[in-house]
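1. The following comprises the amino acid sequence and a computationally predicted model.
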Amino acid sequence: MVLFLPLVLLIVYMFYSQQRRQKKWQGMLDQLKTGDKVTTSGGLRGTIMALKDDAVHLRVPPNNIVVEVTKASVTQVTTTEEEVKTK
């Protein structure tokens, strides 16, 4: 029984860690607004032009093409603080 305790603790830790990441990601999706710069899981970087229930319209440079992607594909929001650091 003692031999299985570290394995059980590791599984419990991984479960709660995943739950915390999922809640943080869902909170980020709930706070999306027009004008936010985002990166999708497919690597598209663009600015949100419109929001729908489960999708967003992104304006993608350099030709300012507007594409529709699911909210679930948004992995990162680039804030103004991060833009200042990169410049």
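-> That came in fine, so what should we check first?
2. Grab the nearest non-local neighbour of the residue nearest the centre of the chain.
-> Taking C-alpha atoms, centre = their mean, the centroid of the chain lies closest to residue 75, which sits 2.6 Å from it. Spatially, and ignoring its direct neighbours in sequence, residue 75 is nearest to residue 41 (5.1 Å; C-beta to C-beta, 6 or more residues apart in numbering). Using the backbone N, CA and C atoms, a C-beta is placed for each residue, glycine as well.
3. can you count the residues close to that neighbour?
-> Other residues lying near residue 41 total 12 when counted by other C-beta atoms under 10 Å.
4. what sits against residue 79?
-> With contact set as C-beta atoms under 8 Å, 6 or more residues apart in numbering, residue 79 has no partners.
5. picking that back up, pretty sure the residue nearest to the centre of the chain sits in a strand.
-> Yes: looking at residue 75 with DSSP: H, G, I helix; E, B strand; the rest coil, it is inside a strand.
6. what's the distance between residue 26 and residue 54?
-> Distance from residue 26 to residue 54, counting by C-beta to C-beta, to the nearest Å: 13 Å.
7. ok, these two, which is more surrounded?
-> Between residue 26 and residue 54, counting by other C-beta under 10 Å, residue 26 is the more crowded of the two (12 against 9).
8. Do a quick rundown of the strands in this protein.
-> Counting by DSSP state E, the chain has strands at residues 37-40, 45-51, 55-60, 65-70, 74-78.
9. residues in contact with the first one?
-> Residues outside strand 37-40 that contact it (C-beta under 8 Å, 6+ apart) are 32, 45-48, 56, 58, 69, 73-78, 83.
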